[in-house]
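1. Structure for this input, please:
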Amino acid sequence: MNTMRLLHLLIIFFCMGASLTQAQDKSYSWISPPSRAQLERDPSLIPKGKGFLFVPAMSNPLNEPSYRVFQGNDEVTEANPGTGVMLAPGYYEVFIGSGSIAQMMSRTVEVREGMTTLVKPFWSGLVINVIDDNRTSVNESYELYWQDQRENYGIGFGIEEERGEAVKTWLLPPGVYTVLSVGDNISTTRKFSVRLEPGELIQRNLVVDTSTLRFIGFYPPTLQGLLGQGRSSNWKTSWQLSGSTQFTTSQNTTGNDLSIFSLSAQVFGRTSYNSENTFANIRFIVEEGFTREEGDAFRKSIDDLDLRGTYIYRGLSDRFGPYLRGQISTKLFATEARFDQPQRLSQINTKGDTTSLFNISEFTISPALSPLEFSQGFGINAQLVRSFPLNLAMRVGLGARQTYVFDTYDLSQDRTTARQIETATSTGLETLLVLDSRISRFVSLDSEFELLIPGLRTKAWEFSLENRWRIQLSRYINLDLVLDVQRRKPILRLQSEQQALLRFVYLL
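-> Sure, this is the predicted structure:
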């Protein structure tokens, strides 16, 4: 009997010891390996007269704010968590955390010659992924408050997957934190809270209703959805089917100058791969539409197919890194020019020979799959501005374009001459500016400006500008106002197109 009681006591003491160990070591909640495992992977050799200071990372080291090392009032060095620094023997103060230097946490440590000083996490980690109700990451913002001290830690952001962005990790003092919409008062009832323990990493999904931008959920991701866990979490695929009514005007293009009413449908697909150092994205768009002009039947008016891919390496910095991109654009159907009255048309081929066509009421400007446009580029990708109302990214590098045409013509402004277009290529310096701005809760602007400089003569420069205003009318309906301006080979003249689209969206 005494043996059984002794066995029960041993089991109780063992369970209490295991629970106490687990309570003290919160590294089981980390994305990164435990502290000792990270230290063992560091190949640094300690030179004579130096000591080694190592601060572990809870998540991806590049997604966490740097820690700073001071000796007295002098800053000695700065490094990312998950890496160590060599220091002369002595006492140092280690500052770590998100926010300003006044909001960072500190701890005094001793560095000994030939020894490694491992800083045990006295801070907490918080990762918030902003998603919509379809579990797609969205670039929306939130404010984070330390409820214990009523202190504002600033604005956090969702991510824009097509730019290769990653969710940032907050490093914070242990306590209770509140998440609420930007600009809301801390006393609002529309908020969520989370408690952080020392040495613990907490992950949460913040769900946003994209029609009102209100927060409607705050919950931990499933085991398969934890950031950085499992190979499957690196891949994301989404498809969207939308239809619209459209009013379009266009001036000075290769086809007709039109004011039309039309109906259109769009299929949008995207697949992305997002890992610690690598981002790859493939986007596919097909849009077709039918148009009815006054006194005429419905005819095909919108015909676009676009496939583009982007690769970004961000192992060097979270804001800068090399990129590689490619794009294919074409049309699936022939483009026709129609004349109100049969007329004479002069057709000029690439050799300059002229053929007169009489009593023409319809003329084929280009067949299916013409023009077929290819575009490639590589260089440096940079995130210039990242804030609540404005995000601005830039890419600078070398670019090339090839436009292949087959029996394709440029119709003159007076619609009496059709000049055959030749295949054209361009190579030179390229730059791309990508901007998105939130004017208000229901109005946003997305803009892209692409410039290719093949030589010093400005007349040879090619550019395109795409602007899209989006006005959210309801959860499934939005109004898009589009302005596209371009100047590209083989037709080096300014062309523009405007659209007003009332879109009804269904997510697959």
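
2. Would you mind putting the CA coordinates of the helix or strand containing Ile285 into PDB?
-> According to DSSP states H and E, Ile285 maps onto strand 278-292. Only the C-alpha atoms of strand 278-292 are listed here, as PDB (Å, rounded to 0.1, in the frame of the first residue of the first chain):
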ATOM      1  CA  THR A 278      10.900  34.000 -51.600                       C
ATOM      2  CA  PHE A 279       7.700  35.400 -53.200                       C
ATOM      3  CA  ALA A 280       6.300  34.300 -56.500                       C
ATOM      4  CA  ASN A 281       2.900  35.300 -58.000                       C
ATOM      5  CA  ILE A 282       1.000  34.400 -61.100                       C
ATOM      6  CA  ARG A 283      -2.000  36.400 -62.100                       C
ATOM      7  CA  PHE A 284      -4.500  35.500 -64.900                       C
ATOM      8  CA  ILE A 285      -7.300  37.700 -66.200                       C
ATOM      9  CA  VAL A 286      -9.700  37.100 -69.100                       C
ATOM     10  CA  GLU A 287     -12.400  39.800 -69.700                       C
ATOM     11  CA  GLU A 288     -14.900  39.700 -72.500                       C
ATOM     12  CA  GLY A 289     -17.800  42.000 -73.200                       C
ATOM     13  CA  PHE A 290     -20.600  42.700 -75.700                       C
ATOM     14  CA  THR A 291     -21.600  46.200 -76.800                       C
ATOM     15  CA  ARG A 292     -24.600  47.800 -78.300                       C
END
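
3. who does whatever helix or strand comes next after it pair up with?
-> The helix or strand immediately downstream of strand 278-292 is strand 298-313, counting by DSSP H and E. Sheet neighbours of strand 298-313, with direction, are listed as strand 278-292 (antiparallel), strand 320-330 (antiparallel) (DSSP bridges).

4. want to try TSV for the ones you listed, with mean neighbour count and distance to Trp30 as columns?
-> No exception for glycine: its C-beta is placed from N, CA and C like everyone else's. Conversion of the strands paired with strand 298-313 to TSV gives the following (neighbours: other C-beta atoms under 10 Å; distance: least, C-beta to C-beta, whole Å):
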stretch	mean neighbour count	distance to Trp30
strand 278-292	17	21
strand 320-330	17	25
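
5. which stretch in these has the least confidence?
-> The minimum mean pLDDT among the strands paired with strand 298-313 belongs to strand 278-292 (a mean of 84).

6. want to throw the strands paired with strand 298-313 into a markdown table with distance to Leu53?
-> As requested, the strands paired with strand 298-313 are exported to a markdown table (distance: least, C-beta to C-beta, whole Å):
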| stretch | distance to Leu53 |
| --- | --- |
| strand 278-292 | 30 |
| strand 320-330 | 27 |
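
7. Contacts for the strand holding Ile285, please.
-> With C-beta atoms under 8 Å, 6 or more residues apart in numbering as the test, strand 278-292 has contacts from 161-164, 246, 248, 258, 260-273, 298-315, 332.

8. same deal with stretch 141-160?
-> Contact with stretch 141-160 is made by 98-99, 103, 126, 128-131, 137-140, 165-168, 170, 172-173, 175-184, 186, 193, 206, 208, 215, 386-388, 391, 436, as judged by C-beta under 8 Å, 6+ apart.
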